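Engineer: with the sequence up front, the predicted model follows.
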Amino acid sequence: MFVVFAAPILSENAVRMVDAVASLPDVRLGVITHDAAEGLQHLRGSVAHWRVSDIMSVDQLVWATRELASRHGHVERLFGAYEQLQVPLAGARDSLGLPGLSVQAATNFRDKARMKTLLRSHGLPCARHRLAPSIDDAVAFAEVSGYPVVVKPPSGAGAQQTYRVENMDQLRRALVTQLPTPSNPVLLEEFVRGDEHSFETVSIDGRAVWHSLTHYYPTPLHVLENPWIQWCLVLPREVDGDRYRDIREAGRQALDVLGMTTGLSHMEWFRRADGSIAISEIAARPPGAQITTLMSRAHDVDFVQAWARLMIHHAFEIPERKYAAGAAFLRGQGQGRVSAVQGWDLVQRELRELITDVKLPEVGSASSSSYEGEGFVIVRHPETRVVEEAVMRIVALMRIELA
């Protein structure tokens with residue numbers, strides 16, 4: 001079976017996915033990317049590579065896939081994990097007659113304004129919003145919704161170019177950096193107050209067969225607004241009780257509305273103080289922020305390989321959830337490059353038996369603009385409470401100094 005994986009660059013995550021696909025028995029792999037083949041040297045002879053200049057072009061994806069097919073045989077799957085690539089991949093599959101998420105469904109997931117309109121039209125809880133083609137439209141929404149409001153691009157990812165504005169002056173300043181036009185509108189949303197979470201779902205042929213979730217401490221937007229905060233994630237062991245019944249039902253209905261077929265999806269959602277829920281947005285791809293690693297550690301399986309098998313064979317073995325897992329993200333305080341990593345010895349002394357994965361910031365490396373910071377520590381334990389206490393202890397003990 002010959003399949004093709006597409007990624008803009010051969011990043012650490014992309015190579016990990018390539019390795020997972022290449023490790024599957026009876027699967028031959030082609031890779032389309034902007035990068036040269038040197039990033040795949042460790043797989044020389046077992047992976048076919050095709051380089052393009054614009055991977056976001058449907059025409060180039062189609063051309064590359066056909067060229068790979070002419071040399072290595074009929075392509076049966078074309079897929080990728082990069083969020084911005086989902087609509088072009090769907091367009092290429094449509095041109096090539098390959099199975100997978102349709103262009104309409106991919107657009108439903110990618111265009112966050114369209115997504116929210118669809119969800120609200122089906123009675124699903126999500127923040128009020130408006131796609132504003134002008135400053136006047138943006139101001140009108142803010143006056144009706146009330147402050148604060150969130151300003152973001154309609155097809156954003158990972159809280160990029162996302163701002164919370166508290167008043168009219170802040171709104172106008174935010175719109176200067178993202179000047180709305182009819183061809184390039186901005187998305188404005190009601191600011192939802194509450195605890196933020198994610199909800200991950202495995203679907204096969206449109207049917208949800210497995211789910212997971214994580215708690216964010218605090219919200220990513222709050223972390224971006226406060227550079228001193230070191231962010232944490234906790235994946236609880238218990239996800240099937242009444243506590244999460246409402247989001248399980250809403251999440252699965254949302255996937256039906258948007259047109260999910262086969263894959264792993266990542267939904268962000270809020271629990272308000274009154275107990276109600278609000279869906280923020282959903283992506284038809286694996287989660288970032290080490291959530292896939294947390295799912296792997298909680299079940300003692302390789303979830304990247306499980307995702308590869310899901311996308312290629314439409315098969316998923318439901319794993320036993322043995323642990324809770326958590327990630328503490330190490331974020332520098334100040335500006336400049338990493339000058340010191342403080343507290344790691346104390347963390348090892350107290351929590352060594354819980355730690356499964358570590359990426360310590362390298363002294364001399366540039367600071368990150370992401371809420372994930374410069375490194376992370378991942379822990380697990382059969383009890384969720386122990387994991388919650390451990391990640392909070394890590395961010396209390398560790399300090400990443402920048403200079």
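Structural biologist: Received it, and whenever you're ready, just let me know what you need.
Engineer: would you map the helices across the protein?
Structural biologist: 12-22, 58-72, 86-96, 103-110, 112-121, 135-145, 168-177, 220-225, 245-258, 291-299, 303-313, 344-351, 384-397 (DSSP state H).
Engineer: and these, which one is worst for confidence?
Structural biologist: Of all the helices of the chain, the minimum mean pLDDT falls on helix 220-225 (a mean of 73).
Engineer: Tyr163: what's it in contact with?
Structural biologist: Val150, Val151, Lys152, Gln170, Ala174 (Cβ atoms under 8 Å, 6 or more residues apart in numbering). C-beta coordinates here come from the backbone N, C-alpha and C atoms, glycine included.
Engineer: for His211, which of the helices of the chain is the nearest?
Structural biologist: helix 245-258 (6.2 Å; Cβ to Cβ).
Engineer: of the contacts of Tyr163, closest to Arg16?
Structural biologist: Lys152 (28.3 Å).
Engineer: how close does the closest residue to the closest one other than its chain neighbours get to Leu188?
Structural biologist: Of all residues not flanking Lys152 in the chain, Thr162 sits nearest, at 4.2 Å (Cβ to Cβ, 6 or more residues apart in numbering). Distance from Thr162 to Leu188, counting by Cβ to Cβ, to the nearest Å: 11 Å.
Engineer: ok, now Val139?
Structural biologist: 10 Å.
Engineer: these two: who's more crowded?
Structural biologist: Leu188 (29 against 16; other Cβ atoms under 10 Å).
Engineer: from what I see, that one and Ala132 are in contact.
Structural biologist: Yes. Contact criterion Cβ atoms under 8 Å: Leu188 and Ala132 qualify, at 5.6 Å.
Engineer: any chance of TSV for the helices of the chain, columns distance to Arg337?
Structural biologist: TSV is the format used below for these (distance: least, Cβ to Cβ, whole Å):
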stretch	distance to Arg337
helix 12-22	20
helix 58-72	37
helix 86-96	35
helix 103-110	35
helix 112-121	34
helix 135-145	37
helix 168-177	26
helix 220-225	20
helix 245-258	41
helix 291-299	26
helix 303-313	31
helix 344-351	18
helix 384-397	21
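Engineer: that older thread, export the contacts of Tyr163 to JSON lines and tack on neighbour count?
Structural biologist: Formatted as JSON lines, these follow (neighbours: other Cβ atoms under 10 Å):
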{"residue": "Val150", "neighbour count": "21"}
{"residue": "Val151", "neighbour count": "24"}
{"residue": "Lys152", "neighbour count": "24"}
{"residue": "Gln170", "neighbour count": "17"}
{"residue": "Ala174", "neighbour count": "21"}
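Engineer: Throw those residues into CSV and include distance to Ala366, thanks.
Structural biologist: Shown next, in CSV, are the contacts of Tyr163 (distance: Cβ to Cβ, whole Å):
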residue, distance to Ala366
Val150, 28
Val151, 27
Lys152, 25
Gln170, 29
Ala174, 26
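Engineer: and which of those is nearest to Arg93?
Structural biologist: Lys152 (27.9 Å).
Engineer: quick check: that closest one touching Arg164?
Structural biologist: No. In this structure, Lys152 is not within contact of Arg164 by Cβ under 8 Å, at 9.9 Å.
Engineer: any chance you could list residues touching both of Thr162 and Leu188?
Structural biologist: Val150, Val151.
Engineer: burial measure for the closest residue to Glu225 other than its chain neighbours, as a count.
Structural biologist: Closest residue to Glu225 apart from its sequence neighbours, by Cβ to Cβ, 6+ apart: Arg164 at 6.7 Å. Residues near Arg164, counting by other Cβ under 10 Å, number 19.
Engineer: hey, what's Arg164 bridged with?
Structural biologist: Under DSSP bridges, the beta-bridge partners of Arg164 are Val150.
Engineer: and Leu78, by the same measure?
Structural biologist: Val4.
Engineer: can you count the residues close to Leu310?
Structural biologist: 23.
Engineer: Arg193 now?
Structural biologist: Neighbours of Arg193 (other Cβ under 10 Å): 11.
Engineer: the spatially closest residue to it that is not a sequence neighbour and Asn184: what is the separation?
Structural biologist: Nearest residue to Arg193, sequence neighbours excluded (Cβ to Cβ, 6+ apart): Arg272, at 6.5 Å. Note on Arg272: its distance to Asn184, by Cβ to Cβ, is 32 Å.
Engineer: wait, which of the helices of the chain is closest to Val47?
Structural biologist: helix 12-22 (5.9 Å).
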